[in-house]
Structure formats: structure tokens, C-alpha cells
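Colleague: here you go, sequence then predicted model.
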Amino acid sequence: MAKIETKMEDLEPVIDRCSQLMQGGDYSGALRHAIEHPISSKDAKVKEAAAKNICAAMAGVGAIVKFIENAEETEHDTLMKYTFKGMDIYRNENKGKNCAKFLKWHDELVKKCGLGVIMRAMVDKKC
């Protein structure tokens, strides 16, 4: 069964809610909300907006290990996928300072899931 194509107007309420949560300091809640509303789109603008939303939340999460421990097994691959995307997005900002946060995500995901999480994330073309 094919997934319904996500349009920007479908994504905007998710981004708005995540923004509200992040403004209130709840980055874990924002990340949880974002990954509970996955997108399915070939539209580059939709994919980029979703990635920036998720990566902004990931960059603000303080308790990375706790978040990973509480995440569903299937979400680990999604988190790794966006870890790579976050490193790409933030590599030229702040002299790459935010990339350190994504390297921490990478390290903790590999500790929890093993090396397979890297391969599964790399072959997933959805991000």
C-alpha cells in the first residue's frame, strides 16, 4: 500500500507544534512529535523543511541517551538518518559547532544499536 504524499500544508502544523515545544525548552517533546509524524514526499522543499525541523530539535536535546533508550527500535534508524542530515545541515554554521551534538547522537545510537544502524540509515533514501 502506497503512502500518501506529504504536502507542505500537511507538514506546517507539525513544524508549528515543534516550534512551540522548542520555544518552551522541550526539545525532546519536539523531537518526539516530529518523529511521530513522518513524511512521505518526493518534494525537496517538504523534505528539507522536515529535516530542518527534526534536526533543530535533535540539536537541542540534552538527554540524548535517555531519548534513545525511550525510542522505539524502528525510530533508531530514523534518528541515525537525521543525524547524518544534521551534520550536513550544520557543518558550515558556527564553525561546525553543532556537528559535535550530532556526533554524540551518532556515538550513542551505535552504542545502543550496533553498526547496522549506520548501514540502514545510509541506504534509506527518504531523508
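Modeller: Done, it's in.

Colleague: pLDDT weak spots in the chain?
Modeller: Across the chain, the ranges flagged by pLDDT under 70 are 1-3, 94-96, 125-127.

Colleague: where exactly do the helices run in it?
Modeller: Here the chain has its helices, by DSSP state H, at 8-23, 27-35, 44-60, 64-70, 73-90, 99-113, 116-123.

Colleague: most packed of those?
Modeller: Ranked by mean neighbour count, the helices of the chain are led by helix 27-35 with a mean of 21 (mean count of other C-beta atoms under 10 Å). For the C-beta atoms, the positions are set from N, CA and C on the backbone; glycine is no exception.

Colleague: which residues are contacting that helix?
Modeller: Outside of helix 27-35, the residues within contact range by C-beta atoms under 8 Å, 6 or more residues apart in numbering are 14, 17-19, 21-22, 50, 53-54, 56-63, 66-67, 71, 75, 78-79.

Colleague: can you check stretch 114-127 too?
Modeller: Under C-beta under 8 Å, 6+ apart, the answer for stretch 114-127 is 40, 47, 51, 76-77, 80-85, 109-110.

Colleague: and what of stretch 81-89?
Modeller: By C-beta under 8 Å, 6+ apart, stretch 81-89 touches 51-52, 54-55, 58-59, 98-99, 101-103, 105-106, 109, 121-122, 124, 126-127.
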